[in-house]
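1. what follows is a predicted structure for the sequence shown.
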Amino acid sequence: MNTTQYIINDIKPFDIETAIKEVQVAFNQLTYSHIPVTKDGKYAGCISETDAHCFENDRHLTDFAYALEPFYVTDKTNWLDILEAFAMYGSNIMPVLNSENKYLGYYELSDIMNIFNDTPFLNEAGAIIVVEKGVRDYSFSEICQIVESNDAKILGVFISKVENDTVQATIKIGHTGMNAIVQTFRRYSYNVVSSHDEDKFLEDLKERSNYLDKYLNM
């Protein structure tokens, strides 16, 4: 996926000598969390809206160079890594540099999210199943084998949670006949976290519970 087509240049980076008052005015007119800053024509980092509004407006960015956040991606960075960078730095704007560290422009978070929205994981019809297992016991190859052994196709799988030595994997499957897949995961000692209408194991438990209630109330 070529992301360079999404590079934007409609906002000129601030020079490090820019007055804080000018920076504050710009943030009041924009919806960005950060704006890039350059020094001697080279990218120096980003100034955040929160910081800009805390600084005295009669001073300059150079007085607060320590507050610049030096995050960026390159024009070769994979779109998933770009999305990770957005999440890591809590920004809705991501500066883009080339291999020579020259500032090229920036990505908007919404544009990169739209790439994710266009993947089969989100826009293809299918069903979601969430399973969990010990962090040392699960494997992607086993997860794929379980799904594909039931004549289903995987549209996507990712680790959605890691907690207390347990891993949760979220899987999108290209059909809705889930019962056989759910039961196979259980046979391989996976805990099925998501709920499924076709889950006959839970239906059997419910029937047995109802029967026991009737027996106890006789």
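-> The structure has been received and is ready for your questions.
2. where in the protein is the helix or strand with the lowest mean pLDDT?
-> helix 200-216 (a mean of 53; mean pLDDT, DSSP states H and E).
3. hmm, who's touching stretch 86-96?
-> 4, 7, 31-36, 43, 46, 48, 69, 71-75, 82, 85, 103-110, 112 (CB atoms under 8 Å, 6 or more residues apart in numbering). Placement of C-beta: from N, CA and C, glycine included.
4. between the two ends of it, how far is it?
-> 12 Å (CA to CA, to the nearest Å).
5. and that stretch, which residues are buried?
-> 86, 89, 91, 93-96 (16 or more other CB atoms under 10 Å).
6. what about E108, distance to P120?
-> 23 Å (CB to CB, to the nearest Å).
7. more crowded one of the two?
-> Taking neighbours as other CB atoms under 10 Å, E108 and P120 compare with E108 leading, 17 against 14.
8. can you pull the pLDDT of the more buried one?
-> According to the prediction, E108 has pLDDT 95.
9. got the contact list for it?
-> Applying CB under 8 Å, 6+ apart, the residues near E108 are 6, 8, 92-93.
10. let's have those in TSV, adding pLDDT and secondary structure.
-> Formatted as TSV, the contacts of E108 follow (pLDDT from 0 to 100; DSSP: H, G, I helix; E, B strand; the rest coil):
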residue	pLDDT	secondary structure
Y6	94	helix
I8	95	strand
N92	95	coil
I93	96	strand
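11. report the two of those separated the most.
-> Y6 and N92 (13.5 Å; CB to CB).
12. okay, now the domains of the chain?
-> The record's domain parsing of the chain by automatic domain parsing lists 4-116, 120-215.
13. which one of these has the lowest average pLDDT?
-> domain 120-215 (a mean of 82).
14. how far out from the middle of the chain is that one?
-> How far domain 120-215 lies from its chain's middle: 22 Å, per CA atoms, centre = their mean, to the nearest Å.
15. follow-up on the earlier one: filter the contacts of stretch 86-96 down to the buried ones.
-> Looking at the contacts of stretch 86-96 with 16+ other CB under 10 Å, the buried ones turn out to be 7, 32-36, 43, 46, 48, 69, 71-73, 82, 85, 103-109, 112.
16. in strands, which of those appear?
-> Judged by DSSP state E, strands contain the following of the buried ones among the contacts of stretch 86-96: 34-36, 43, 46, 48, 73, 103-108.
17. would you mind finding the longest strand in this structure?
-> strand 154-163.
18. does anything pack onto it? Which helices or strands?
-> If you count contacts as 3 or more CB pairs under 8 Å, 6 or more residues apart in numbering; DSSP states H and E, strand 154-163 packs onto helix 120-123, helix 140-148, strand 166-173.
19. of these, flag the one that's most buried.
-> Highest mean neighbour count of these: strand 166-173, a mean of 19 (counted as mean count of other CB atoms under 10 Å).
20. who touches it?
-> 120-121, 124, 126-135, 138, 140, 143, 147, 152-162, 181, 193.
21. what's the angle between it and strand 154-163?
-> 160 degrees (axes from the mean of the first three to the mean of the last three CA atoms, to 10 degrees).
22. strand partners of strand 166-173, parallel vs antiparallel please.
-> strand 127-134 (antiparallel), strand 154-163 (antiparallel) (DSSP bridges).
23. list the buried residues for the last one?
-> Put plainly, it is strand 154-163. Neighbour-count burial for strand 154-163 flags 154-157 (criterion: 16+ other CB under 10 Å).
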